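>>> Whatever this is, show me its structure:
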Amino acid sequence: MTTSVTMLVELTIRQWMGIKHDKTVSAEVEHTHSAKNAGRYNKYLIDKAHLADISSAANALRKFHYTRTLQWNDGGQRIMPSALFMEYRDEMAKYKATFFDAVRDFIGEYPQLVRDARTRLGSLYQPEDYPDASTLRALFDIELKIMPMPNAADFRIDIAQEVQDEIRAEITQTIAARQADAVKDCWARMREVIGRIVDQCSKEKPVIRESLMENASDLVKVLSGLNITNDPQITAAEAELRRLIVSTEQLRSSPTIRAEAARVARELLERMPSE
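Numbering: from 1, shown residues only. Below is the predicted model:
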């Protein structure tokens with residue numbers, strides 16, 4: 001993997017969830033049951049159905065982000081192959097627009113939803129729990145940070161040469177480990193997709209959903225970009241997976257085609273590296 005064909009991306013999605021810990025009610029419950037540290041009562045300030053579109057848009061955006069990137073570290077940064085960046089940027093813009101459209105609609109409803117909460121929550125309603133409508137928009141945001149990959153050769157600092165060499169070696173080892181994780185990620189995605197084909201096509205009376213082949217098609221569309229090490233085994237497996245893709249209608253109507261798909265997928269799965 002070279003740093004010129006990859007970058008790091010970090011996605012942060014902020015949402016106001018409309019949930020509040022009610023300390024008074026929590027204390028009342030513990031007092032009633034002579035309990036201590038037994039739990040906490042969280043109340044829905046807004047009927048959660050009215051936040052569903054925002055949550056759905058955020059989940060779809062996050063899912064797309066994960067399908068076009070590879071794991072890097074536990075801090076939220078992920079590897080973005082430059083080969084996929086233009087598609088990623090354009091599609092992310094669409095997902096963000098959907099998210100902020102849902103936010104706009106929610107903010108338009110918000111004053112009425114607060115009034116509704118007075119009745120819905122009864123004595124649990126507390127006006128101070130609710131952010132002012134004028135500040136609500138700031139509680140929703142999507143932030144995407146794009147950073148260069150670390151490069152041991154670029155590490156320069158005014159310390160002893162021996163220490164510099166040690167740090168460069170650590171950076172190189174870290175990059176190699178993350179690279180190995182990225183390769184494992186590619187294999188894991190293929191195993192998941194192919195395993196579902198084996199499972200569904202092996203059943204006597206399967207329920208073949210459109211997503212079965214849609215997921216396979218989506219993966220082969222991006223797999224060459226995700227293969228940042230140009231691993232020939234991944235390239236070969238991608239070609240075999242591509243040949244496995246048939247219409248779901250054929251799988252539904254033909255036991256022979258299903259059986260052949262299950263056989264080929266099973267053999268491919270058996271040849272893949274284990275976790």
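>>> top helix in the chain by residue count?
Counting by DSSP state H, the longest helix found in the chain is helix 161-201.
>>> Over it, what's the mean pLDDT, rounded is fine.
Averaging pLDDT along helix 161-201 yields 80.
>>> What is the subsequent helix or strand relative to it?
Moving toward the C-terminus from helix 161-201, the next helix or strand (DSSP states H and E) is helix 210-226.
>>> immediately after that next one, which helix or strand?
As assigned by DSSP H and E, the chain's next helix or strand after helix 210-226 is helix 232-244.
>>> Now the phi/psi pair for residue 206, please.
Residue 206 adopts backbone torsions of phi -80, psi 160, taken as degrees, to the nearest 10.
>>> show me what contacts it?
Counting by C-beta atoms under 8 Å, 6 or more residues apart in numbering, residue 206 touches 200, 251, 258. Quick note: C-beta positions are derived from backbone N, CA and C, even for glycine.
>>> Which one (most neighbours) among these?
residue 258 (22 neighbours; other C-beta atoms under 10 Å).
>>> I'd say it and residue 201 touch.
Yes. Using C-beta atoms under 8 Å, residue 258 is in contact with residue 201, at 4.4 Å.
>>> overlap in contacts of those two?
Contacts common to residue 258 and residue 201, judged by C-beta under 8 Å, 6+ apart, are 208, 251.
>>> helices or strands next to the longest helix of the chain in the packing?
strand 70-71, helix 210-226, helix 232-244, helix 255-271 (3 or more C-beta pairs under 8 Å, 6 or more residues apart in numbering; DSSP states H and E).
>>> what's the closest of those to residue 39?
strand 70-71 (34.3 Å; C-beta to C-beta).
>>> For the closest one, the averaged confidence score.
Averaged over strand 70-71, pLDDT sits at 86.
>>> What strands line up against it, and which way round?
strand 77-81 (antiparallel) (DSSP bridges).
>>> I'd like to check the angle between the partner strand and helix 161-201, please.
80 degrees (axes from the mean of the first three to the mean of the last three C-alpha atoms, to 10 degrees).
>>> which other residues reach strand 77-81?
With contact meaning C-beta under 8 Å, 6+ apart, strand 77-81 is reached by 5-11, 65-66, 68-72, 88, 146-147, 149, 178, 182, 225-226, 228.
>>> Dump the helix or strand hosting residue 30 to PDB, restricted to CA.
Using DSSP H and E, residue 30 falls within helix 23-32. The C-alpha trace of helix 23-32 is given here as PDB (Å, rounded to 0.1, in the frame of the first residue of the first chain):
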ATOM      1  CA  LYS A  23     -33.100  12.100  38.000                       C
ATOM      2  CA  THR A  24     -36.200  12.900  40.000                       C
ATOM      3  CA  VAL A  25     -38.100   9.900  38.700                       C
ATOM      4  CA  SER A  26     -35.100   7.600  38.900                       C
ATOM      5  CA  ALA A  27     -34.800   8.600  42.600                       C
ATOM      6  CA  GLU A  28     -38.500   8.100  43.200                       C
ATOM      7  CA  VAL A  29     -38.400   4.600  41.800                       C
ATOM      8  CA  GLU A  30     -35.400   3.700  43.900                       C
ATOM      9  CA  HIS A  31     -37.100   5.100  47.000                       C
ATOM     10  CA  THR A  32     -40.300   3.200  46.300                       C
END
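>>> ok, residues contacting that helix?
With C-beta under 8 Å, 6+ apart, helix 23-32 has contacts from 35, 36, 37, 38, 39, 40, 41, 43, 124.
>>> Let's see which of those residues end up in strands.
Of the positions in the contacts of helix 23-32, residue 43 sit in strands, assigned by DSSP state E.
>>> Now which of the contacts of helix 23-32 would you call buried?
Neighbour-count burial (16 or more other C-beta atoms under 10 Å) applied to the contacts of helix 23-32 gives 41, 43, 124.
>>> Can you show me the helices along the stretch 1-150 of the chain?
Taking DSSP state H, counting those that start in this stretch to define them, one finds helices in the stretch 1-150 of the chain at 23-32, 52-67, 85-121, 133-136.
>>> Would you mind giving those helices as CSV with mean neighbour count and distance to residue 243 added?
Shown next, in CSV, are the helices of the stretch 1-150 of the chain (neighbours: other C-beta atoms under 10 Å; distance: least, C-beta to C-beta, whole Å):
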stretch, mean neighbour count, distance to residue 243
helix 23-32, 12, 58
helix 52-67, 16, 21
helix 85-121, 15, 23
helix 133-136, 11, 51
